[in-house]
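Sequence and predicted structure are below.
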Amino acid sequence: MFNNFFHRMASPKHFYRLAGILIPWLAVPCLLLTLAGLYYGLVKAPPDYQQGDSYRIMFIHVPAAWMSMFIYVVMAGAGAIGLIWRIKLAEMVAISSAPIGASFTFLALVTGSIWGKPMWGTWWVWDARLTSELILLFLYLGVIALNNAIDDKRMAARAVAILALVGVINIPIIHYSVEWWNTLHQGPTVTKFDKPSIHLSMLIPLLLMAVAFKLYYAFVVLMRARCEVLDRERNSGWVKELAEKT
Amino acid sequence: MTPKRKKRIMLIGLMLAGVAIAAGFALQAFNENLMFFYTPSEVSAGEAPAGRMIRVGGLVTEGSVQRQSDGLTVQFDVTDNNKTITVQYTGILPDLFREGQGIVAHGQLQEDRLFVAAEVLAKHDENYMPPEVADALKATHDAATSDNAKKVN
Amino acid sequence: MNSDSLTRAFVILIRRDLMLAVRHRAEMANPILFFVLVTSLFPLGIGANPALLQAVAPGVIWVAALLAALLSIENVFRSDFEDGSLEQYLLSSHPLSVLVLAKITAHWLVTGLPLLLISPLLGILMGLPVDAIKILFITLLLGTPVLSLIGAVGVALTVGLRKGGMILSLLVLPLYVPVLIFASSAVDTAATGLPVTAHLSLIAALLLLALSLSPFATAAALRVSLS
Amino acid sequence: MTQSKDTAALAAHALECIRDDRTLFSNLDFRLEAGSALILEGRNGSGKTSLLRILCGIRLPDAGTVTWGDTAIDKLGPDYHMHMAYIGHRDGIKLDLTPLENLAMARALGMPNDITLEAALAKVDLAGYEDVLTRNLSAGQQRRLALARLLVTDTSLWILDEPFTSLDVHGISVIEELLDAHTTSGGMLAVTSHHAVNLQNTTVQRINLSA
């Protein structure tokens, strides 16, 4: 019963319509939050007592790094759902997530590097966080390459799901393994239990940007998945109808 | 229950057992000192081996940094707010190196308890605040450093 | 249909693969030659300074072993895919994951074991102390099966592709990183005379984890690749 | 979960197969009973091989299900595979093993029966070749060796993709006899062939995928 409902909700046609409605409702708040976050982060927030103004890159760097991991987990989770319950939609979400995740990972690496130059005196160090983020980028690239290499879409989706799952098991292992080189990267700031060791005036723009990034991911993944749906269902009646209408 | 299904359950059981034992091994490994990282207290208590490459971490004691006449060799004290050890390093120090800052030194402990570092890494801490807040905090919370020492690890 | 027949299938499959390997002796030698050659290129490339060599030896030997494993791993399913044997494993009345484990075991015996046996010689060439050579041997003993097990998943995902080789390294190399770090730092630590039991138990943990999960992932990937 | 040979049946329900944007077949239904044969006909690329691979459970259908004794085959897994044998385009034999070694492997992978490996080879007219490397056999002999795999395990459903490829007239009649014997003893057969398949004692059901 539940299963039936779920399958119907996840039917490509239904999803295509629903996503079309949702996208503007995600994109507009995303834009507003980004503007607000940038304004509070770059203009309103005071300079840091130690790092001066250069810490401000954190408002891009930190949310991007969060997203890079969050998206990988979403991708693996969607892949698993697609693999186990054969829900096509989950497969499409998994595949659509990979390039977005790779972009956020790349963004986190680049901004981190720009931040590292004034702070550590070097663009790059083989530090634990940096290295595991770099490997995460390779994992994403592997997923994308595998998806591109397999012609059959259905087969590609299942292969990608397996690879993403293997990767998700490995991420904590990779993370701990690279911690063996003593780490230069700071410890967690916001998630510490007692109280975030960041001043409220800096925390607010950081959280605004984090939510904006999440919304960005949500509407871009929906857009990509919509394209994926059209591509995969291009022979079905409803897509042909849609094509004729426009 | 068909024999096939029994076999399948057996395989899954084996798999879970493997994962569990793997976790056991990993936990055991993490209980030991993997990184050969020691605090000044541990060094003072004689827990750190001499003459071998180890890591020592802590805060640079205020006013302890002394440059030697060659201009490159630096000597400073590192503390965890309990015990203090003296570190000697020859080379260029990282930009973030300053008194009161957390550092990690990689090197050898000499017989005379002097730690000769081959490498010194500075850590920028995870605190973000405007300068005035930092000043205020410093004035009121001198004891907060004990908390910081822990984070350096 | 008891577990006896499963054990028999497991043993027969390993024996058959070993027999095939013996009938292709020349191919068997390739990974090990590669391993020795790559390692001996380093003294030529970076100079024969003993202190320097000893410092890089653990990393160099392990990277060479890793590349040798990567080069040879494709054969684990390639010929079976081409002649249709893979379909027959899939349609066997035994669980595919067990057959896959047999294939990986045979492959390790043919390619991983020789690397292991020749590694002390390379350790001597690179000027490692005896204690470190012992640890090098143990890390290879525990680590090379992990390379085969992880590699098999990658091969299973790419076996049906025309240009599988390049993608294979992209898929597999990032996953090899933990083994490389744990193993080479174990040898490194041993060379400075410190105890390495913690490192070794971590590599053992990796081996057990790979042993328990990889056959299932590989089997699932093979089903996808053949569909 | 052992079905006796006469109760089990293979059935396809509303099967659909799409490849490269082309619907090869859709809404395909049939039922294959013990003692009968299914012969698939159709042009090249009409989906015969795809259908056989779907029946094996190697390939997933784009819609519909295949059942064995009223249970979907992807639920049965090895419980289904122990009842069936498949010979595809590729022989699934190792050229660097002897015929005997090849058959020993095939037997270990399935449910062994009582026939000796030598007798199985004799049945496909390969007596005397037991210890020759398969590489040195002719293409027709290699194909017959592949078909000999059907004999060394205890299976009721044979799925054969172009079994007569590279066989000469004599070879074809040898194999046809084997197939006929299999169905008359209660076995099932799903086969594609460019040649006319001549099964005298078997109920034959034909499906033309090009139609």
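Done, it's in.

residue contacts, the nearest residue to residue D:98 once chain neighbours are set aside?
Using Cβ to Cβ, 6 or more residues apart in numbering or on different chains and skipping the chain neighbours, the partner closest in space to residue D:98 is residue D:131 (5.0 Å). In short, each C-beta sits where N, CA and C put it, glycine included. Applying Cβ atoms under 8 Å, 6 or more residues apart in numbering or on different chains, we find residue D:131 in contact with D:98-100.

tally of neighbours for residue 20?
Using chain A. A count of nearby residues for residue A:20, using other Cβ atoms under 10 Å in any protein chain shown, gives 12.

wait, I meant chain B there
11.

Can I take it that it is in a helix?
Yes. Assessed by DSSP: H, G, I helix; E, B strand; the rest coil, residue B:20 belongs to a helix.

Whichever residue of chain D sits closest to chain C: neighbouring residues, count only.
Chain D approaches chain C most closely through residue D:90 (2.8 Å), counting by Cβ to the nearest Cβ. Neighbour count for residue D:90, taken as other Cβ under 10 Å: 16.

So it, which state does it fall into?
Reduced to three states by three-state DSSP, residue D:90 is coil.

Repeat that for residue A:125.
Secondary structure, three-state DSSP: residue A:125 is coil.

thought the residue of chain D closest to chain C was touching residue C:86?
No. Between residue D:90 and residue C:86 there is no contact under Cβ atoms under 8 Å: 9.1 Å.

Chain D against chain A: which residues are in contact?
Neighbours of chain A within chain D, by Cβ under 8 Å from any Cβ of the partner chain: D:18, D:20-21, D:23, D:60.

again, only this time at 10 Å
Applying Cβ under 10 Å from any Cβ of the partner chain, we find that chain D lies next to chain A at D:18-23, D:59-60, D:62, D:74.

just the residues you listed now: which is nearest chain B?
residue D:74 (14.2 Å).

what sits against the closest residue to the closest one other than its chain neighbours?
Nearest non-adjacent residue to residue D:74, counting by Cβ to Cβ, 6+ apart: residue D:57, 6.0 Å away. The neighbours of residue D:57, taking Cβ atoms under 10 Å, 6 or more residues apart in numbering or on different chains as the test, are C:90-91, C:223, C:227, D:66, D:68, D:72-74, D:76-77, D:80-81, D:84, D:86.

Please apply the same query to residue A:242.
A:13, A:16-17, A:230, A:233, A:236 are the contacts of residue A:242 under Cβ under 10 Å, 6+ apart.

from these, which would you call buried?
Buried members of those, scored by 16 or more other Cβ atoms under 10 Å in any protein chain shown, are A:16, A:233.

tell me the least confident of the contacts of residue A:242?
Lowest model confidence among the contacts of residue A:242 falls on residue A:236, which carries 75.

quick one, phi psi at the closest residue to chain A within chain D?
Closest to chain A within chain D is residue D:21: 6.0 Å, counting by Cβ to the nearest Cβ. The phi/psi pair for residue D:21 (degrees, to the nearest 10) reads phi 70, psi 0.

So for it, what's the pLDDT?
On the pLDDT scale, residue D:21 is placed at 76.

Just the buried positions in stretch A:81-96, please.
Residues of stretch A:81-96 classed as buried by neighbour count (16+ other Cβ under 10 Å): A:81-83, A:87-96.

and residue A:229, what does it touch?
Counting by Cβ under 10 Å, 6+ apart, residue A:229 touches A:11-13, A:15-16, A:19, A:88-89, A:92, A:96, A:236, A:239.

Heading C-terminal from the helix or strand harbouring it, find the next helix or strand.
According to DSSP states H and E, residue A:229 maps onto helix A:200-232. Per DSSP H and E, the first helix or strand lying C-terminal to helix A:200-232 is helix A:237-245.

relative orientation of that next one and helix A:200-232 in degrees?
The directions of helix A:237-245 and helix A:200-232 differ by 100 degrees, with axes from the mean of the first three to the mean of the last three Cα atoms, to 10 degrees as the criterion.

Tell me how far helix A:237-245 lies from the chain's centre.
Centre-to-centre, helix A:237-245 and its host chain are 32 Å apart (Cα atoms, centre = their mean, to the nearest Å).

Now do the contacts for residue A:16.
Residues near residue A:16 by Cβ under 10 Å, 6+ apart: A:89, A:222, A:225-226, A:229-230, A:233, A:238-239, A:242.

One more: residue C:22?
C:28, C:110, D:96.

Show me the strands in chain D, by range?
With strands called from DSSP state E, chain D shows them at D:10-19, D:22-32, D:36-41, D:63-68, D:71-72, D:84-87, D:157-161, D:188-192, D:203-208.

Most neighbours among the contacts of residue D:131, which one is it?
That'd be residue D:99 among the contacts of residue D:131, by other Cβ under 10 Å, with 26 neighbours.

Quick check: that one vs residue B:66, distance?
Distance, residue D:99 to residue B:66, using Cβ to Cβ, to the nearest Å: 85 Å.

where does chain C have low pLDDT?
Filtered on pLDDT under 70, chain C yields the residue ranges C:1-3.

80 - rerun?
C:1-4, C:48, C:163-165, C:192-195 (pLDDT under 80).

Could you identify which of the strands of chain D is most buried?
Ranked by mean neighbour count, the strands of chain D are led by strand D:84-87 with a mean of 25 (mean count of other Cβ atoms under 10 Å in any protein chain shown).

quick one: average confidence on stretch A:44-62?
79.

Keeping just the C-alphas, turn it into CSV.
The C-alpha trace of stretch A:44-62 is given here as CSV (Å, rounded to 0.1, in the frame of the first residue of the first chain):
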residue,chain,number,x,y,z
LYS,A,44,28.2,43.7,8.1
ALA,A,45,30.4,41.1,9.9
PRO,A,46,33.4,42.5,11.7
PRO,A,47,36.9,41.4,10.8
ASP,A,48,38.4,38.5,12.8
TYR,A,49,40.7,39.3,15.7
GLN,A,50,43.4,37.1,14.3
GLN,A,51,42.8,36.7,10.6
GLY,A,52,41.5,40.2,9.7
ASP,A,53,39.4,40.3,6.7
SER,A,54,40.7,37.2,4.9
TYR,A,55,38.6,34.9,7.1
ARG,A,56,35.6,36.1,5.1
ILE,A,57,36.2,33.5,2.4
MET,A,58,34.9,31.1,5.0
PHE,A,59,31.3,32.1,4.1
ILE,A,60,31.9,30.3,0.8
HIS,A,61,34.4,27.7,1.8
VAL,A,62,32.7,26.2,4.8
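
buried residues in that stretch?
A:45, A:48-51, A:55-62.

Show the contacting residues for residue C:211.
B:14-15, B:18-19, B:21-22, C:101, C:104, C:145-146, C:149.

again, only using 7 Å
B:18, C:149 (Cβ atoms under 7 Å, 6 or more residues apart in numbering or on different chains).

go on, residue C:148?
With contacts defined as Cβ under 7 Å, 6+ apart, residue C:148 is in contact with C:69, C:73, C:104, C:107-108, C:112.

With respect to chain D, which of these is nearest?
Ranked by distance to chain D (Cβ to the nearest Cβ), these are led by residue C:107 at 15.2 Å.

So the closest residue to that closest one other than its chain neighbours: helix, strand or coil?
What sits nearest to residue C:107 in space, not counting adjacent residues and going by Cβ to Cβ, 6+ apart, is residue C:76, at 4.5 Å. State at residue C:76, reduced to three classes by three-state DSSP: helix.
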